[in-house]
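Colleague: Okay, structure incoming, though there's no sequence with it:
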């Protein structure tokens, strides 16, 4: 009897377990399959375009030689800071030194010898004229008294004319050699020209900046036009990035960006979109964008690799869904569909899109915070549930969309 009673209890238990399994199976059938999905979130949102570029200077000044000569000194190295007027390179130019010395000697001779001689000649000519005039007056008096021949008076008159001509010539010569006169002006011009030519043997910086490269060493022989150094001119720093042309409609001058140099990953610095190229590179399908950054980021170097995150859009409150929840979201359209789950049933809902990115997109119509949508991209096309189908949503973590300000949902476009 005891064994029969035990067998009945086990039979009842087995039947109850089987019934419970059937009941659970039926409930599961009524609730539908479990499918991956997301909950629509609301909050501040930033759309960013990310690109890699290089530090560029506004202008590079090539410093060249104006004359031929031997390099006596090179006074700067790569990376040195220079100011206008700083001596960079000194050349030897003996022929120009000789021309300068010759011009100096000519000017000194004019002032110390030729000018005093001309002044003395003028004084002598004036004295000779005075003597000739006195002789003429004496002979005329004697002629009136018929004590000398008429021919003697005429000779005295001719002597006065000649003396006056000599005075005029001496005056012209003295004026030419006088201080500030034509001859001194010519000598000064020759000296200045010689000194200016010799000054070209001293190569100086014409702008403030940083020496990037040097192409000359002491002992080298250089020729006119040869580039000796290259200087990055001081100016607001720039970063040149090439962005895919599909992002052109998102860009505008004045947009803020955060940049990180590969060499200094722990030192992000701000920048601003300064210029967008008017043309597209047909070979790469990119558009060049220049960002201006604060000169205080003095750790940057020319041609350093930099990653720039340009903030192209912002919403203080946005509804965001991962991109794999969107159906029919074409790149050139702001329309798509989502599979929303309400009361356990699927609803195919058309939505309008706002800010878009690689991982997530803003939805501006038809959804609200807390709605659940299926991860349609994780399902095969033939496995998408029809409208009205019962399903259960297995919540999935939102995809990683990169770094952003606290409390913001970033959307990145690479």
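Modeller: Structure received. Remember, predicted model here, so these are calculated numbers, not experimental data.
Colleague: Can you give the contact residues for stretch 144-152?
Modeller: Counting contacts by C-beta atoms under 8 Å, 6 or more residues apart in numbering, the residues outside stretch 144-152 that touch it are 139, 142-143. From N, CA and C alone the C-beta is placed, and that goes for glycine too.
Colleague: Kindly report the same for stretch 117-128.
Modeller: The contact list for stretch 117-128 (C-beta under 8 Å, 6+ apart) reads 163, 166-167, 169-171, 173-174, 176-177.
Colleague: Now, these that are in strands?
Modeller: When DSSP state E defines the strands, the subset of the contacts of stretch 117-128 inside them is empty.
Colleague: okay, the residues you listed in JSON lines with pLDDT, distance to residue 333 and neighbour count next?
Modeller: Converted to JSON lines, the contacts of stretch 117-128 look like this (pLDDT from 0 to 100; distance: C-beta to C-beta, whole Å; neighbours: other C-beta atoms under 10 Å):
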{"residue": "163", "pLDDT": "84", "distance to residue 333": "108", "neighbour count": "21"}
{"residue": "166", "pLDDT": "86", "distance to residue 333": "104", "neighbour count": "18"}
{"residue": "167", "pLDDT": "85", "distance to residue 333": "103", "neighbour count": "20"}
{"residue": "169", "pLDDT": "87", "distance to residue 333": "98", "neighbour count": "13"}
{"residue": "170", "pLDDT": "81", "distance to residue 333": "100", "neighbour count": "21"}
{"residue": "171", "pLDDT": "83", "distance to residue 333": "97", "neighbour count": "15"}
{"residue": "173", "pLDDT": "79", "distance to residue 333": "95", "neighbour count": "20"}
{"residue": "174", "pLDDT": "78", "distance to residue 333": "95", "neighbour count": "19"}
{"residue": "176", "pLDDT": "72", "distance to residue 333": "89", "neighbour count": "17"}
{"residue": "177", "pLDDT": "70", "distance to residue 333": "91", "neighbour count": "22"}
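Colleague: quick revisit: can you turn the buried part of the contacts of stretch 144-152 into a PyMOL selection?
Modeller: Only the buried members of the contacts of stretch 144-152 enter the following PyMOL selection, criterion being 16 or more other C-beta atoms under 10 Å:
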select buried, resi 139+143
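Colleague: if I've got this straight, residue 104 is in a helix?
Modeller: Yes: secondary structure of residue 104 (DSSP: H, G, I helix; E, B strand; the rest coil): part of a helix.
Colleague: For it, list the residues it contacts.
Modeller: Contacts of residue 104 (C-beta under 8 Å, 6+ apart): residue 191.
Colleague: if I look at it, how far off is residue 91?
Modeller: Distance of residue 104 to residue 91, given as C-beta to C-beta, to the nearest Å: 20 Å.
Colleague: now, among the contacts of stretch 117-128, which is nearest to residue 367?
Modeller: Nearest to residue 367, judged by C-beta to C-beta, of the contacts of stretch 117-128 is residue 176 at 97.9 Å.
Colleague: mind giving me the domain ranges of the protein?
Modeller: For the chain, whose domains are defined here by automatic domain parsing, the residue ranges read 32-53+252-269+305-414, 61-92+200-233, 95-198.
Colleague: Work out for me the element residue 287 sits within.
Modeller: Using DSSP states H and E, residue 287 sits within strand 286-293.
Colleague: So in that sheet, which strands flank the helix or strand following that strand, and in what orientation?
Modeller: Of the helices and strands lying after strand 286-293 in sequence (DSSP H and E), the nearest is strand 305-322. Note on strand 305-322: by DSSP bridges, its sheet partners are strand 41-56 (antiparallel), strand 256-261 (antiparallel), strand 360-363 (antiparallel).
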